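In: Need a 3D model of the sequence below.
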Amino acid sequence: MRKTVITKIWLGGIVAIVLGLVAVGIAMALMFAYGGSFVARGPGYDFVPRFDAYFWTMVAIVSVGGLIALGGGVAQFVAWVGALVNSYQLQDKMWFLLTLILGVVGFELIVMIVYLLAAPDGYEEKEKRAEGQAPLPPDVAPTT
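Out: Residues are numbered from 1 along each chain as shown. Below is the predicted model of the structure:
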């Protein structure tokens, strides 16, 4: 998977997560505001739903928003796996190791932002090596 495709999938996942969570938040607020009442029970309050069409519509919106956010999370995972495959194509395996280790321990958001901004495209480097135009290592490359 090329880095441009990985970037589009990852950004689409971010957008889906944000939109899904916004839909869930708004529907929950509306459901609690207009879909029932709060009854005092002991030291706190309990929400008692009305179980009318409005309440079930809000439940449906919460469910769909949750599924959209879940789909965004799956897209994020697919983009991370694509980044692993892409960075494995590089001669220097440091990008692969950083993407793998930091993604596994829970820093996927940070490592993907850094990867998308700074890492080279592994498939472009692989094509250059196949054509005999392998890039020079940084310590041998001419400076300008």
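In: what about the residue nearest to residue 1 when sequence neighbours are not counted, is that helix, strand or coil?
Out: Spatial nearest neighbour of residue 1, excluding adjacent residues (Cβ to Cβ, 6 or more residues apart in numbering): residue 82 at 3.8 Å. Where you see a C-beta, it was placed from the backbone N, CA and C, and this is true even at glycine. Following DSSP: H, G, I helix; E, B strand; the rest coil, the label given to residue 82 is helix.
In: Could you report the separation of residue 82 from residue 105?
Out: With distances taken as Cβ to Cβ, to the nearest Å, residue 82 is found 19 Å from residue 105.
In: out of those two, which sits in the more crowded spot?
Out: Between residue 82 and residue 105, counted using other Cβ atoms under 10 Å, the more crowded position is residue 82 (18 against 9).
In: Report the separation between that one and residue 121.
Out: Taking Cβ to Cβ as the measure, residue 82 falls 11 Å from residue 121.
In: residue ranges of the strands in this structure, please?
Out: Shown for the chain, the strands assigned by DSSP state E span residues 36-41, 44-49.
In: Next, format the ones you listed as TSV and append mean neighbour count and distance to residue 111.
Out: As requested, these are arranged in TSV below (neighbours: other Cβ atoms under 10 Å; distance: least, Cβ to Cβ, whole Å):
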stretch	mean neighbour count	distance to residue 111
strand 36-41	11	43
strand 44-49	11	40
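In: In a markdown table, list those strands along with distance to residue 21.
Out: What follows is the strands of the chain, written out as a markdown table (distance: least, Cβ to Cβ, whole Å):
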| stretch | distance to residue 21 |
| --- | --- |
| strand 36-41 | 22 |
| strand 44-49 | 21 |
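In: of those, which approaches residue 127 most closely?
Out: When the strands of the chain are compared by Cβ to Cβ, strand 44-49 sits nearest residue 127, at 58.9 Å.
In: what about that closest one, average pLDDT?
Out: In this model, strand 44-49 has an average pLDDT of 88.
In: strands paired with that strand, and their directions?
Out: If you go by DSSP bridges, strand 44-49 pairs up with strand 36-41 (antiparallel).
In: could you measure the nearest residue to residue 58 once chain neighbours are set aside against residue 67, distance?
Out: Leaving aside its chain neighbours, residue 58 sits nearest to residue 31 (3.7 Å; criterion: Cβ to Cβ, 6+ apart). With the distance defined as Cβ to Cβ, residue 31 ends up 17 Å from residue 67.
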